[in-house]
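> Sequence plus the predicted model coming up.
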Amino acid sequence: MNENQLREVASHFAFSAEPVGFALCENGHINGTYFVTCADGRRYVMQQINTSIFTRPDEVMANIIGVTEFLKEKIAAAGGDPERETLTVVGTVEGGVAYVDPDEGYWRAYLCIEGATSHQSADAELFAKAARAFGNFQRQLADYPADTLCETIPNFHNTVSRMADFKAAVAADKAGRAAEVADEIAFAMAREGKCSFIMDGIADGSLPLRVTHNDTKLNNIMMDDVTGEGICVIDLDTVMPGSVLYDYGDAIRFGASSAAEDEVDLDKVYVRTDLFDAFTEGFIEGLGGSLTEAELRALPMGAWMMTFEVGIRFLGDYLNGDVYFRTHYPTHNLDRARNQFKLVADMEAKMPELEAIVGKYMK
Ligand code: GN1
Ligand code: MG
């Protein structure tokens with residue numbers, strides 16, 4: 001997107017002044033994100049929703065407006081700043097919540113959260129703060145009317161159906177890459193039997209459904225530049241009913257890894273038990289003792305599951321010819337998959353240690 005195109009899109013939003021600067025945000029594998037600076041110095045985030053993935057963007061926006069308005073009331077009641085502690089949707093000059101461009105591009109805008117940063121990695125202290133904020137986010141939404149939420153991506157964390165998709169990708173071998181990644185496919189296939197762990201727990205009632213974020217990467221939280229506190233959980237596109245294990249697990253797989261999600265030197269990729277410990281303590285605290293014993297006991301397995309799941313999603317996308325995740329070079333998805341599988345193997349090796357860490361925080 002060039003600046004003229006961005007300026008034209010921006011002209012449809014009710015910003016405080018004329019947009020004068022645009023910068024691409026490199027994070028995120030799905031939507032297109034830009035920072036917009038206006039003539040009065042105010043900044044906004046303008047995003048093009050990936051509508052081949054979010055096929056009903058109006059439902060995404062309805063979820064986000066519902067959740068953020070609900071959170072704003074709670075934040076205000078607690079004496080917080082509702083424009084800084086949750087997202088604020090900026091409407092269009094036409095009075096809508098999104099702008100659809102002539103090419104069917106679906107755009108929305110938010111206020112920028114100033115004085116805060118989205119981190120790609122953290123030390124134990126910062127990671128514990130992120131954990132408390134993610135836990136608190138889920139606690140704040142505990143009494144949100146879950147039946148009003150749309151399922152923006154069906155079966156998003158249904159690992160059984162993710163495995164079925166993966167097997168279909170192997171069978172179709174659309175990009176002719178299956179032979180080259182036989183070892184990675186075998187690694188995934190050998191673990192098929194574990195895929196139903198969370199789904200079984202939901203089905204038998206031992207893992208309750210809650211309102212979950214479902215994409216709790218460390219970079220999906222804004223952390224205050226002065227205090228380091230996690231002040232605002234962002235990327236609310238996948239807020240849906242789910243298990244607490246989704247949020248805990250996804251945060252661990254990204255933030256407790258010793259390396260970036262696409263590090264190719266696999267000797268550098270392992271689960272940092274110090275970070276695992278810090279996050280576990282902070283998350284349980286953020287949830288204020290609301291987790292059941294079965295949920296607590298299952299936390300390490302949740303971390304395993306979310307890591308394995310995104311591993312088969314990356315590998316499946318590589319087999320499909322890189323049609324889902326944004327990639328920056330031809331083997332990017334394969335590198336991401338190998339990286340996640342290395343973490344999976346390391347979690348398996350360290351499972352007793354991970355369980356002992358969770359045990360420390362179970363009363
Ligand atoms: C995607 O949008 P982003 O980059 O925060 C993906 C997550 C994956 C993640 C892997 C809607 O998240 O599920 O865990 O990449 N989001 C969607 O980094 O598929
Ligand atoms: Mg996302």
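Perfect, thanks for sending it. Ligands and ions are numbered 1, 2, ... in the order given.
> Break this protein down into its domains, please.
Domain segmentation of the chain under automatic domain parsing yields 3-114, 124-362.
> out of the ones you listed, deepest packed?
Mean neighbour count (mean count of other Cβ atoms under 10 Å) peaks for domain 124-362 among the domains of the chain, with a mean of 19. Using the backbone N, CA and C atoms, a C-beta is placed for each residue, glycine as well.
> For that domain, what is the distance to the chain centroid?
Centroid displacement of domain 124-362 relative to its chain, using Cα atoms, centre = their mean, to the nearest Å, is 8 Å.
> measure it end to end?
20 Å (Cα to Cα, to the nearest Å).
> circling back: including mean pLDDT and distance to ligand 1, could the domains of the chain go into CSV?
Putting the domains of the chain into CSV (pLDDT from 0 to 100; distance: least, Cβ to the nearest ligand atom, whole Å) gives the following:
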stretch, mean pLDDT, distance to ligand 1
domain 3-114, 97, 4
domain 124-362, 97, 5
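> Would you mind giving the ones you listed as a markdown table with distance to ligand 2 added?
Output for these, formatted as a markdown table (distance: least, Cβ to the ion, whole Å):
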| stretch | distance to ligand 2 |
| --- | --- |
| domain 3-114 | 5 |
| domain 124-362 | 4 |
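> Enumerate every residue touching Gln120.
Listed by Cβ atoms under 8 Å, 6 or more residues apart in numbering, the contact set of Gln120 reads Asn27, Leu218, Asn219, Ala260.
> Just the closest of those residues to Ser243, please.
Leu218 (19.9 Å; Cβ to Cβ).
> Please name the spatially closest residue to the closest one (chain neighbours excluded).
Spatial nearest neighbour of Leu218, excluding adjacent residues (Cβ to Cβ, 6 or more residues apart in numbering): Gly255 at 4.1 Å.
> Spit out the contact partners of that neighbour.
Ser121, Ala122, Phe127, Ala130, Lys217, Leu218, Leu275, Phe279.
> next one: phi and psi at Thr51?
Dihedral pair for Thr51: phi -80, psi 0, per degrees, to the nearest 10.
> Correct me if wrong: it contacts Asp103.
No - look at Thr51 against Asp103 with Cβ atoms under 8 Å: they stay out of range, at 10.8 Å.
> Is the residue nearest to Lys268 when sequence neighbours are not counted part of a helix or strand, or is it coil?
Take Lys268 and drop its neighbours on the chain: the residue closest to it by Cβ to Cβ, 6+ apart is Ala259, 4.6 Å away. In three-state terms, and counting by DSSP: H, G, I helix; E, B strand; the rest coil, Ala259 is coil.
> what sits against Ala259?
Neighbours of Ala259 in contact, by Cβ under 8 Å, 6+ apart: Asp265, Lys268, Val269, Asn339.
> So which of the residues you listed are in helices?
Asn339 (DSSP state H).
> So which of the contacts of Ala259 is the closest to Asp237?
Nearest to Asp237 among the contacts of Ala259, with distances taken as Cβ to Cβ, is Asn339, at 23.6 Å.
> these two touch, right, that closest one and Lys268?
No - in this structure, Asn339 is not within contact of Lys268 by Cβ under 8 Å, at 9.4 Å.
> so what's Gln47 up against?
Applying Cβ under 8 Å, 6+ apart to Gln47 gives the contacts Asn31, Gly32, Thr33, Tyr34, Trp107, Arg108, Ala109, Tyr110.
> got CSV for these, with secondary structure too?
Below are the contacts of Gln47 laid out as CSV (three-state DSSP):
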residue, secondary structure
Asn31, coil
Gly32, strand
Thr33, strand
Tyr34, strand
Trp107, strand
Arg108, strand
Ala109, strand
Tyr110, strand
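> Pipe these into a markdown table and attach distance to Asn320 per row.
Formatted as a markdown table, the contacts of Gln47 follow (distance: Cβ to Cβ, whole Å):
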| residue | distance to Asn320 |
| --- | --- |
| Asn31 | 20 |
| Gly32 | 21 |
| Thr33 | 24 |
| Tyr34 | 28 |
| Trp107 | 27 |
| Arg108 | 27 |
| Ala109 | 32 |
| Tyr110 | 31 |
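> Identify the farthest-apart pair in those residues.
Gly32 and Tyr110 (13.9 Å).
> Can you tell me the closest non-neighbouring residue to the residue nearest the centre of the chain?
Nearest to the centroid of the C-alpha atoms of the chain, with distances taken as Cα atoms, centre = their mean, sits Asp215, at 1.7 Å. Distances taken as Cβ to Cβ, 6+ apart place Thr238 nearest to Asp215, at 4.9 Å, with adjacent residues excluded.
> for the one you found, what are its contacts?
Thr152, Ile153, Phe156, His213, Asn214, Asp215.
> quick one, phi/psi of the last one?
Dihedral pair for Asp215: phi -150, psi 60, per degrees, to the nearest 10.
> Verify the stated contact: it with Val233.
No - using Cβ under 8 Å, Asp215 makes no contact with Val233, being 9.8 Å away.
> Compute the distance between the residue nearest to Lys268 and Gln120, please.
11 Å (Cβ to Cβ, to the nearest Å).
> give me every residue that touches Arg253.
Ala303, Met306, Thr307, Val310, Gln340, Leu343.
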